[in-house]
Structure formats: structure tokens, C-alpha cells
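J.: I need the structure of the sequence given here:
(4 chains)
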Number of protein chains: 2
Amino acid sequence: MLSGTNLKYTKAFNFRIVFETIRLLGPISRADIARKTNLTPQTVSNIVHRLIQKSLILSADKLQKRRGAPSTNLILNPNGAYSIGIDFNRDHLTGMLVDLEGKVISKYFYEVDNPEPYRAVQLISDTVNLLKEVQIDQKSYFAGVGISLPGPLSINENNEVINTINPKAFPNWHNVPIVALLQQKIDSSIFLKNNASAAAIGELWYGAGKNQNDFLYLFMGAGLGGGVVIAGSVFEGANRNAGELGYFPFINDVSPLSTSDVPHIGEHFNLSNLYSWLNISGIMIKRPEDLENLYLKGNKKLSEWIDLAKTYLTPVLLSAEYLLDFDTVILGGRLPEVIIKHFALDLPDLLSKDRVDMKSVAPKVIVGTAGPDAAALGAATLPVFDLFSAQKDILLKN
Amino acid sequence: MLSGTNLKYTKAFNFRIVFETIRLLGPISRADIARKTNLTPQTVSNIVHRLIQKSLILSADKLQKRRGAPSTNLILNPNGAYSIGIDFNRDHLTGMLVDLEGKVISKYFYEVDNPEPYRAVQLISDTVNLLKEVQIDQKSYFAGVGISLPGPLSINENNEVINTINPKAFPNWHNVPIVALLQQKIDSSIFLKNNASAAAIGELWYGAGKNQNDFLYLFMGAGLGGGVVIAGSVFEGANRNAGELGYFPFINDVSPLSTSDVPHIGEHFNLSNLYSWLNISGIMIKRPEDLENLYLKGNKKLSEWIDLAKTYLTPVLLSAEYLLDFDTVILGGRLPEVIIKHFALDLPDLLSKDRVDMKSVAPKVIVGTAGPDAAALGAATLPVFDLFSAQKDILLKN
DNA sequence: GATATTAAATCAAATAAATTGACTAATTAA
DNA sequence: TTAATTAGTCAATTTATTTGATTTAATATC
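T.: Numbering: from 1, shown residues only, chains lettered A, B, ... in the order given. A predicted model of the protein is given here:
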């Protein structure tokens, strides 16, 4: 916090800023990078040289705009680096190997039944080691392994999994030194985050938040999670529970399936609640993918649930709007994309109904680009983000 | 955003970091600063030399801890710099000259009646120029003039006052180039912010948030405002309305004084509403100071209003808690301190009632140290913050 | 009480990254 | 054909931090 800086950190930061400029604005020339970053052409030239040496970028076509020598465009090298992302949850495990552009090279998916920690460690490390065997370009850099955990679990400063909100849902998951256990079986650097925060980083790096420094990300998965992105990085809060909107209290609960003494939105907004809701009407469904057909057929029970969910989401989004004044809300998660699209389409009108009429500006609600694998892609982004993101903290010594 | 950095910015930042370390942790020695900041002792020595030359700090007592040469303690020089803060609102104008430690040297207070822009400009500039005439140490630096405006008014990128939320309350205050107008009459750099954000910066720099990088500040003044402090700076949001909690919609309004079509918390939570509430019962009160006596006498009507206000605040604070996971909420504003203390004491219990029971950690609710002049002190902090704060943005070229 | 040890602070020289200035090459405008 | 403009890079310069050595002042230990 009270850390100084020096030339070495300056160098590291400028390296990242040039990379970031190519990543976000490429194809782009050295001269244009210099103008964008306020660095001198010479500095940019030197950094670009290093980036090419490390195979992180490539020279592309030459392009002349007006007069003068034509500039050589620079682009990211998709094969410059790879990373592995694991989305682990109570009902499933998704593992994927992705390249520097976020393209999925290889993917595994398993259904699981709320495994205990030691079983989870085995599953995760096996998947990681399987993914590591995939043939990739010998020259390219392996960034590391990212793992996303379900919302109620969070990671303390000793890299142990702890249960700050809902210990009952994960009975054996308290004070588990997950990284230490995994590190015994995985020979790469490991990064952990909860699924919503990881997915938010994924959208920030590869997806709908690519050119957005501040946004609220809502993750509709096994529960309702969220990621608060401020100034280009995920804000996690004092106890790493920022964005854990599932436990947002809802004073006038109307859901017939409420079981808690203090009704909260995540109680309604979770997949098993939706399955129960449908089961009562005789519709037997177990997987998110099955919902797509049901939705496209115009199932009434499903629409009812969606309508209810929207009324639950409205006050949450409004409070976020007044507290943080975001101009963008990104929706994502494991529901089928058509349903998420439905939410994105209907929410703005619902919001404006409960909003003070004089207010002229409203945030836009958009659908995340990562799809149902957002958490796994987000997990894969963690090591890449750590290595290449141009966050200002990079400049601090500590 | 995509800006690089260089040696000059490194120097400027390290200068600020050393100053900040002395400000927050002083009395402190050069060697201890080096340890805290990870700067080398030589670098710290050089920067301290410059700080002393600029009279921003002073050498204090020598202190030996264990063996070795005794270290010389360094402290802030209160007379090192001065600044002026103006809190302008519909009903009053407070102006103050403060020193580098936030001590009020001179103060003016006027009651006003919703003046139009040209009249406000006259009032503000007159007050500033009166405060400038106060005799201060010739050597000390004058940091500038900070001005806080009421919440619904905000400032666009051209330094014009605009009305983003509630234009009706300030009929002539739209597209007013306030800084340009003031600059014609004031020969110093001018900084503008809404009162809640300014007060939040005041608490961050001088007050209860001094050692807190992330907190929510609630400002109970003519309306309900707020400041969201993240990573040591106020987050203002896309339209500079972050923290404008007054327009937070309240679905089940119970207030008999509601007039809006969409009930919102600020409608209840404002001073004139409180006055009306009391007036109905025959209690004629016009000024915040008069409330103190009433409260100490245990007035029933007042307690009723306070109780109602607490039920309004609870969901707002809870949503902030789940969205941002702050561990600190600071309360401030123009209500008498005893009443604010009452809120700080009662809110934690009310919050825990509506909170999911498994959650173990809760934010602490504390009273701001600046008192009813928080907005004016916050305004005075703006130029000082701009000149001396060690925010990471300082490192960026743009 | 003399000497070794530890620590603070600073002087002087070295280091390392960005900057500045000069230059080459490539293209278009006139 | 020539002048103007722009991209890009080599070489030298600049400048804040770092490194290493030195001085000073206190305590610990024999």
C-alpha cells in the first residue's frame, strides 16, 4: 500500500502496456502505439523488439495511411502462450486449454456429485495433467493453471479455502489448503478465484468487457454470483465476498420454495431451485442444456420462473446502479444463452420503472461473450492476467 | 488508460509516497520509511531532503530504539501548506481556511436561500477572497481552492455544472460553466466535487478513513449522499453519480410525506422532510443545530423519525455490503453528532437481522471525525489531495 | 573502561531505462 | 523530379534509483 517504485517496475509496466495496446487495438503500428501510450517511438520500438523475441506478438501487413514510410502492423501471436482453466463446482468440472487469444484448444467435462476436498484435488490435478499432454507449439510459453471455485467458497491469504458465507453447503470445505495440495500434483503455478470473479476477469480480458474498465458482471450458475470490475481489475472486498449477490436479502419473498429464515435472492436464483420448480409441474430436467429446448418451445412454467427471477434481479441491479453508477452490466453464467439474452432484453425496462423519473442515463445490459463456459475461460485467464495485464499495481514494489 | 510511464513519474510518485508515509505513520525515521516503502535508504534520504526544503515536513526528536545511531523522527509541518474549502448548498455556505493537518484557521458561515448561479459565484468568490486575506506563514504553500456542491449537481468533463438526476430541484443550474466563472474572480486553482464525495475524501485524508483504503461513506445532509472509496480514491462512476444513494428506490414506502411517483430513500432522508415531520406536531425547527437539544430531551417525534430512517438505511447498507464487501462504513453529515452516533450504534444490529445467518463477518459502522463541517473540510482537502496524494494514477503519463 | 557490534544517514560512483537528436528509408504531394 | 512527411532505429544523453563505502553515534560485551 505504501510502496515506492523504480526503473525496473517502470520497464515491466511499459512492457505490459505496449502488449495491452496491441492486444486491444491491434493490428496497430509502433508509431500509433507511441501516440496512444505517450511513450516515445524509441521506447515502443525497443519493447516491441522484446515482445517479438518472446514470440508474444507478430509483424503483420504493412499499411500506408497518408504520406511517409508505411507502418508495419503488429498483432498478437495466438500461439505465444497457453494456459489451463478449471471450473470446479458441486455438479460439474470443466477443464480447458486455451491459447493467448482465448481460443479453446482442448476441453474436458465431467459431472460430479459434490465431491469432498481430497477427491476434488485428484479430479482437478488429473484433468490438468491430461490437458498438459496436448501437443502445442514448442516455442510457446505456458502461463499456468487457473482454478475457479463456487461462490460461497473463498480463498484466504494463506491460499486455503474457507467458508465465509455458507458453510453448510460445503460441509468438508473449511480451512482446506487447496493450493498446497494441488501443488503436490501439479508442476505449474496455480491461481484460484471464485467462479463469478474468474468469469468477470474472463469477460474483462477476452469478452464483452474488453474495452470497459468498470462494470458489474452477473453470473447465473448454481447460485447467483457477481464480479465487480473497477479500474480494470476485479474488486474483491475485505473478505473476498464482493459481488456475492446470492445472499442479497430480499425482504418480501414471494417464492414458494423459500427455506431460509432470511429470504435471499440466491435461494430463488439457482439451478436446483429451477429444476424443483419445473419438477413440481412434472417437467423432469437435470441439465442447463435441456432448458434451451424448453425455452424455445415457450414452456409456461419456465417463463413464470424467468419472470419471477427478473423481479428479483431488478432491485439488485438498481442498488448497484445507484451505489456504483456503472454504465455497463454484463450477464453470464450457465443458463442457456437464449435465456440470458431474454434477461438482457427485458431488464432495462423493468429497471426504468423503479427508477426515479428525472434520471436520464441508464446502464446498458449486455450478454457476456464467453457463454456457459465463462467460469472455465475465466479461470484460464487468471495466469495470463497475472503475467500480462497492465494493472497499476505492477508498478509498486511490494 | 493505456498510458506508459517513465523516470519523472517515478520520482513524483516516490516523493508522494514518502510524504504519505510521514503523514500517516509519523513521527517516523528515514530508515523506517525505507523499510515501509521498500525504497532504499538513500532514495528516502534524498526525498526527505527535498520535503524539508519545501517546508512540508520537519525534523523532530531523536529516538534510539536498540543499538546503533539514533534515528531522527520526521513529522508533517502543519504550516507547510494551506488550502481553502467552500461547502455551497441551497441553504448555506461554509468557507474555511485549513492547514496541512486539517486544522481550521478561519471560517465563515452564511445562510442562503437557493441562490441562482451568478449570485452563488459572487458569494463563493467573495468568501474565498476574504479567506485569502488571513495572515499566514509567508513561506508556506497555498494549495488551492476546493468547492463542494450539493449531490444532485454534478460536474462534467468541461467543468460545467450539470444536473444528472434531479433537474427540478435546481432550475437554473444546468450547463453552468462554474469553474470558468469563478476563475474570473479567483486567482488560484479551483477543484470541484459533490459534497458527499468531497466529505469522503476529507475522511480519507484527515479523518476516520485515514488508514482505510476501501470504505462506504454516508453523508446525511440536505439529502442522502454517499462516497464510495476504493483503493484509496473516490470512485465516481460513469456519470459521476456513484454513491448518490438518495435516489435509491424504496419499494414499500411507508413515509406519510412521500410525494414522488417512485418512492426513494432521499425523499425521507433529508432535513426539510425532518423539519416538516416535526412541524406537523407543532415543533418549529429550522436548523440542524436545534435538533441536538430536541434529541437530548428525548423528543418522541424525533425518535420516531430516526427509527424510520434506520429502517430505510438498513437495506441500502446491506446491498452495499453484499455488492462491495466493505468492512467499514463511515457516517457523517449535517445532523448533530449525537444523532449520527445513535445511527452508528443501532445499525449493526438491524443489519444482522436481515443478513443471512451463516455469515460471520460484518462491517463496522463508525462516525466520521469531521463533524457537521465535513463537506467544507472535504472541499479544502481537494487541492491538497491533488497535490500530495500517492494515488497510482500519478504514475501514468496521461 | 576499552572494544566490538549494530544501526542511521549520507557521499560518490555505478546502473539502467527512457529520452533526445540525428539519420535512413519509404512513400505521397506538388 | 523534388519536396514533404512519416516510420523506424542507432547512438549519445539524461536522470532517478541503486550500490558500495564511509562516517557517526549509540549499546553490548568482555
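J.: thought residue A:372 was touching residue A:292?
T.: No. Counting by Cβ atoms under 8 Å, residue A:372 does not reach residue A:292; the two are 10.1 Å apart. Just so you know, the C-beta spots here come from the backbone N, C-alpha and C atoms, and that holds for glycine as well.
J.: For residue A:229, which three-state class applies?
T.: The three-state assignment at residue A:229 reads strand, by DSSP: H, G, I helix; E, B strand; the rest coil.
J.: How much space separates it from DNA strand D?
T.: Using Cβ to the nearest atom of the strand, to the nearest Å, residue A:229 is found at 31 Å from DNA strand D.
J.: Residue A:372 and residue A:292: which is more packed in?
T.: residue A:372 (18 against 14; other Cβ atoms under 10 Å in any protein chain shown).
J.: list the contacts for whichever residue of the stretch 101-250 of chain A sits closest to chain B?
T.: Residue nearest to chain B within the stretch 101-250 of chain A (Cβ to the nearest Cβ): residue A:237, separated by 2.6 Å. By Cβ atoms under 8 Å, 6 or more residues apart in numbering or on different chains, the residues touching residue A:237 are A:228, A:243, B:214, B:324, B:325, B:326, B:327.
J.: May I ask which of these has the most neighbours?
T.: residue A:243 (30 neighbours).
J.: of all the contacts of residue A:237, which comes closest to DNA strand D?
T.: Of all the contacts of residue A:237, residue B:214 has the smallest distance to DNA strand D: 27.0 Å, by Cβ to the nearest atom of the strand.
J.: doesn't residue B:230 make contact with the closest one?
T.: Yes. Residue B:214 is within contact range of residue B:230, at 5.4 Å (criterion: Cβ under 8 Å).
J.: Next one: residue A:292 from residue B:107, what distance?
T.: Between residue A:292 and residue B:107 the computed distance is 66 Å (Cβ to Cβ, to the nearest Å).
J.: Quick check: the residue nearest to residue A:277 when sequence neighbours are not counted vs residue A:2, distance?
T.: Once flanking residues are discounted, residue A:277 sits nearest to residue A:305: 5.2 Å by Cβ to Cβ, 6 or more residues apart in numbering or on different chains. Here the distance between residue A:305 and residue A:2 works out to 50 Å (Cβ to Cβ).
J.: now residue A:219, what's its secondary structure?
T.: strand.
J.: Tell me which residues touch it, please.
T.: A:151, A:195, A:196, A:199, A:200, A:225, A:226, A:227, A:332, A:333, A:374, A:375.
J.: could you say which helix or strand contains the fourth one?
T.: Under the assignment given by DSSP states H and E, the secondary-structure element containing residue A:199 is helix A:195-205.
J.: at contact distance from chain B, anything in that helix?
T.: No. Helix A:195-205 does not reach chain B (Cβ under 8 Å from any Cβ of the partner chain); its nearest approach is 11.3 Å.
J.: and that helix, what's its mean pLDDT?
T.: Helix A:195-205 shows a mean pLDDT of 96.
J.: just stretch A:264-272 next, same as before
T.: Here the average pLDDT along stretch A:264-272 is 78.
J.: can you give me how far it is from the chain middle?
T.: 20 Å (Cα atoms, centre = their mean, to the nearest Å).
J.: C-alpha coordinates for it, PDB please?
T.: Backbone C-alpha positions of stretch A:264-272 (Å, rounded to 0.1, in the frame of the first residue of the first chain) are rendered in PDB as follows:
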ATOM      1  CA  HIS A 264     -32.300 -14.000  -0.100                       C
ATOM      2  CA  ILE A 265     -32.100 -13.800  -3.900                       C
ATOM      3  CA  GLY A 266     -29.700 -16.700  -4.500                       C
ATOM      4  CA  GLU A 267     -32.300 -19.000  -2.900                       C
ATOM      5  CA  HIS A 268     -34.600 -18.500  -5.800                       C
ATOM      6  CA  PHE A 269     -31.900 -17.900  -8.400                       C
ATOM      7  CA  ASN A 270     -30.200 -21.200  -8.600                       C
ATOM      8  CA  LEU A 271     -30.400 -24.100 -11.000                       C
ATOM      9  CA  SER A 272     -31.700 -26.700  -8.500                       C
END
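J.: Briefly note if it comes near chain B.
T.: Yes. Judged by Cβ under 8 Å from any Cβ, stretch A:264-272 comes into contact with chain B at residue A:264.
J.: Show me which residues of that stretch are buried.
T.: Under the neighbour-count criterion of 16 or more other Cβ atoms under 10 Å in any protein chain shown, stretch A:264-272 has A:264, A:265, A:266, A:267, A:268, A:269, A:270, A:271 buried.
J.: What of stretch A:342-361?
T.: The neighbour-count check on stretch A:342-361 (16+ other Cβ under 10 Å) flags A:342, A:343, A:344, A:346, A:347, A:350, A:351, A:354, A:355, A:356, A:358, A:359 as buried.
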